[in-house]
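> got a structure for you, letters missing:
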């Protein structure tokens, strides 16, 4: 018995907030969230030890497959359903131009627009393509394809969200369906966090900075815990590692939070959202990561005076100056609380006072 892991590609680069008909004629790359989703796939326990990785020729499938295999094998026949004259159009436009057909398809997916493939045709070519994948490989394999294409074989279209995988067994004669719509459940350890940073385009300097913030956060967490203030040390460590995941993009703290929330980590998302400016001076996980970040210049520890003195030079507008003053005041309030628990000598020994 052989196992095929049918993976729906990760999130493609389509405008957020609007639904589009992205079929077999529309070739889109992954967006930022999609690249992060794909980066998690190699850490799923079920996807360890694969003998081969195949994918559809479309960019979003190829990019999803690459973290699993540097050179996935492109297999024609695994593409998404060709949606004919609808392919590549926003559903808003489709609804306006083809109201009757749109309504009919909402009730029955076997109804297709002009020039589109039927579901039967998609099922037939998918079956042939999977048999070719099996014939050209041994053991268990992964196949990256598309939602409608996969659903013609296993059903349950609604469960096939981006970057989920489903299990198909092959006994040499026929396919049987196993689990459907599984999300990669990778433990969020340092290796996984590093893979996410790299998938987000972080260079060595940014990664070194994130590691330094995490190390200082760990030391502060441990010391505070010994004084009776127990913070969520695992959440602090992971959020500190990932706090600059969206660095370089506008409002990177908020954007990084959106990404992590989309990946299923709302607690980390909230800490990352506050790392440029915590919601208050209460000594909690978010305030601690905010404070540790403000004590770093690159990957080197500094005092608040040094850090804010250097960043003041970058403030060019009244708004930037006001934000700078507000954040410095907040960092100093957090520091006062830490000194009250750990003493000034502790911070001096750490090189941050």
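Yep, it's here. Quantities reported herein were computed from a predicted structural model and do not represent experimental measurements.
> mind checking the backbone torsions on residue 170?
With angles defined as degrees, to the nearest 10, residue 170 sits at phi -130, psi 120.
> close enough to count as contact, it and residue 127?
No: using C-beta atoms under 8 Å, residue 170 is not in contact with residue 127; the gap is 11.0 Å. C-betas here are computed from N, CA, C, even on glycine.
> Of these two, which one has the most company?
Legend: neighbour count by other C-beta atoms under 10 Å for residue 170 and residue 127, higher for residue 170 (18 against 14).
> ok, now how distant is the more buried one from residue 284?
Noted for residue 170: a distance of 51 Å to residue 284, by C-beta to C-beta, to the nearest Å.
> same question, residue 238
Distance, residue 238 to residue 284, using C-beta to C-beta: 15 Å.
> and if you look at residue 123?
For residue 123, the distance to residue 284 - C-beta to C-beta - is 53 Å.
> What of residue 127?
Look at residue 127 and residue 284: by C-beta to C-beta, they are 54 Å apart.
> residues in contact with stretch 127-143?
Stretch 127-143 has contacts (C-beta atoms under 8 Å, 6 or more residues apart in numbering) with 2-7, 47, 49-55, 65, 68-69, 73, 75-78, 153, 165, 168, 170, 175.
> So which of these belong to helices?
Those of those mapping onto helices are 65, 153, per DSSP state H.
> Got a ChimeraX select line for the buried ones in the contacts of stretch 127-143?
Of the contacts of stretch 127-143, the buried ones can be selected in ChimeraX as follows, counting by 16 or more other C-beta atoms under 10 Å:
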select :4,5,6,7,47,50,52,53,54,55,65,68,69,75,77,78,153,165,168,170,175
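> Restricted to strands, list the contacts of stretch 127-143.
In strands, defined here by DSSP state E, the members of the contacts of stretch 127-143 are 2-7, 52-55, 73, 165, 168, 170, 175.
> now, which of those residues sits nearest residue 84?
The closest of the ones in strands among the contacts of stretch 127-143 to residue 84 turns out to be residue 55 (C-beta to C-beta; 23.4 Å).
> I'd assumed residue 77 was in contact with the closest one.
No: using C-beta under 8 Å, residue 55 makes no contact with residue 77, being 11.3 Å away.
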